[in-house]
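>>> Give me the fold of what follows.
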Amino acid sequence: MKATVITRDKTAEKRIEQKLINASFILCKSTPEIIFIHGGDGSLVRSERLYPGIPKVALKGSPTSKTHFYDESLLDTILTKITQKDYTIKQYTKLTAKYKNTTLEALNEIQVHNKNPGIAIRFNLYINQKQTHKNIVGDGALVATPFGSTAYYYSTGGEPFDKGIGISFNNPHQRIKNYILPDDSTITIELIRGDALLIRDNDKKMFHMKPKDKITIKKSNNIARFLRFPGL
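Purely as a prediction, here's the structure:
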């Protein structure tokens, strides 16, 4: 089986690659069949951005890592289980966003955030093409998956959820409750004043939004896949 390793830790990369070779895996960065992640949540979402849809195993390399990770000390056992096909594949919802001629996908969240932290933006919110909020003033809004509901969505006041699509608001001038919408919902954010950044997950590439710009977000047809090992 062809595999590659995603990590910022070069020492850990060499250590894991050697174990893969010892277990008869073939190292391949161009067309891997499985991805081994070492690090934290940032490395995890980056791996899905680089290799969307390819099954992944996440190994804890950061104290902030969430429950999606296994301790690296279990790697030998994990490799044996993969060889024996003794695992399940957990599927996770992703989001797709349409902005002008660009389509973005995210595992955690899509957000619109004020470009200048000292100046609030104003925006309208539409759910299934119906305007639900007009002239919201604040730092922005974000739309999250269940996977991302324990990340930035949680820090903006949202509670973790297992199904649906979550919407939360970043420092609104008037308190607005968060929403958890059905999977088939479509959310549109229309910027009406100020400059904003369109951000997905922890991607360094951001898009500059100006007044009258809109972004439409919904559940993606694509999914993320992570290997789970019963008993570990």
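
>>> For the lowest-mean-pLDDT helix or strand in the chain, give me every contacting residue.
In the chain, no helix or strand scores lower on mean pLDDT, DSSP states H and E than helix 152-155, which sits at a mean of 89. Contact with helix 152-155 is made by 108, 109, 111, 142, 144, 160, 166, 168, as judged by CB atoms under 8 Å, 6 or more residues apart in numbering. (C-beta placed from N, C-alpha, C; glycine too.)

>>> same thing with stretch 13-31?
For stretch 13-31, contacts defined as CB under 8 Å, 6+ apart pick out 1-5, 7, 34, 36, 38, 59, 72, 75-76, 79-80, 83.

>>> Also stretch 46-53?
Defining contact as CB under 8 Å, 6+ apart, one finds that stretch 46-53 is touched by 4, 6, 32, 35, 37, 56, 94, 105, 107, 201-203, 222-225.

>>> returning to what we had before: which of the contacts of stretch 13-31 are buried?
3, 4, 5, 7, 34, 36, 38, 59, 72, 75, 79 (16 or more other CB atoms under 10 Å).

>>> In a markdown table: those residues, plus distance to residue 131 and pLDDT.
Converted to a markdown table, the buried ones among the contacts of stretch 13-31 look like this (distance: CB to CB, whole Å; pLDDT from 0 to 100):
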| residue | distance to residue 131 | pLDDT |
| --- | --- | --- |
| 3 | 48 | 98 |
| 4 | 45 | 98 |
| 5 | 47 | 98 |
| 7 | 45 | 95 |
| 34 | 45 | 98 |
| 36 | 45 | 98 |
| 38 | 45 | 95 |
| 59 | 45 | 95 |
| 72 | 49 | 93 |
| 75 | 51 | 96 |
| 79 | 53 | 97 |
